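Asker: coords please:
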Amino acid sequence: MKVLYAAALFAAMATGLSAQDRGPGEIVMDQDSGTYEMAWRGVPDRVLVRWKLLNVSGEIFVCGNYAMSGHTVRRLSRKAMADVSILMNNRPLVENIRYFKQYRSETALVGGTASCQPTGVAVAQAQNAQFGIGNVSNSGGLYRD
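Answerer: Okay, here's the model as predicted:
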């Protein structure tokens, strides 16, 4: 299980965001977002993910986008995205990040839009939480085409 933790992302979340009703469906991704990379041994392909947590009217929203480089494992890359979770205190906060907006180029991620979803978790419940991203599925990161 490969999981990356980022305490700084929650600090950015505490600043809040003005939103209408349930919050944003998309935001513009900035350089302060977290990154996560998936790569496969023996091929030059990789997936670069950018993610960010937002405080929208007291609720945690998870936003993100991603880009795939290479072409030999595109279908497997999409399967892998479905197995990536955003974690809060080692428990899935969001499972399956395939809703993140896809771009053709990694250079388009910062400054590009990112898709967002509410988590149903109040920011107050997460004041001292640790957040991470990673593949926590039973596949162990092994995929077959």
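
Asker: Surely M38 touches R78?
Answerer: No: M38 is not in contact with R78 according to CB atoms under 8 Å; the separation is 11.1 Å. Backbone N, C-alpha and C define where each C-beta goes, glycine included.

Asker: Looking at those two, which one has more neighbours?
Answerer: Using other CB atoms under 10 Å as the criterion, M38 and R78 rank with M38 on top: 22 against 14.

Asker: Name the nearest residue to that one, ignoring sequence neighbours.
Answerer: Distance criterion CB to CB, 6 or more residues apart in numbering; nearest residue to M38, sequence neighbours excluded, is V47 at 4.4 Å.

Asker: for the residue nearest in space to the middle of the chain, what are its contacts?
Answerer: In the chain, the residue lying closest to the centroid (CA atoms, centre = their mean) is W51, at 3.9 Å. Applying CB atoms under 8 Å, 6 or more residues apart in numbering to W51 gives the contacts 9, 33-36, 62-64, 86, 97, 100, 114, 133.

Asker: if I've got this straight, it is in a strand?
Answerer: Yes: with DSSP: H, G, I helix; E, B strand; the rest coil as the criterion, W51 is part of a strand.

Asker: Check the gap between it and D32 for me.
Answerer: Going from W51 to D32 by CB to CB, to the nearest Å gives 11 Å.

Asker: got it, and V49?
Answerer: 15 Å.

Asker: out of those two, which sits in the more crowded spot?
Answerer: A direct count of neighbours by other CB under 10 Å for V49 and D32 places V49 higher, at 20 against 12.

Asker: got the CA coordinates for the helix or strand hosting V47 in PDB?
Answerer: For V47, the enclosing helix or strand under DSSP states H and E is strand 46-56. Only the C-alpha atoms of strand 46-56 are listed here, as PDB (Å, rounded to 0.1, in the frame of the first residue of the first chain):
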ATOM      1  CA  ARG A  46       2.600   7.400 -15.800                       C
ATOM      2  CA  VAL A  47      -0.400   9.300 -14.300                       C
ATOM      3  CA  LEU A  48       0.100  12.500 -12.500                       C
ATOM      4  CA  VAL A  49      -2.700  13.500 -10.100                       C
ATOM      5  CA  ARG A  50      -3.200  16.900  -8.500                       C
ATOM      6  CA  TRP A  51      -5.600  17.100  -5.500                       C
ATOM      7  CA  LYS A  52      -6.900  19.600  -3.000                       C
ATOM      8  CA  LEU A  53      -9.200  19.700   0.000                       C
ATOM      9  CA  LEU A  54     -11.700  22.600   0.400                       C
ATOM     10  CA  ASN A  55     -13.800  23.900   3.200                       C
ATOM     11  CA  VAL A  56     -17.200  24.700   1.600                       C
END
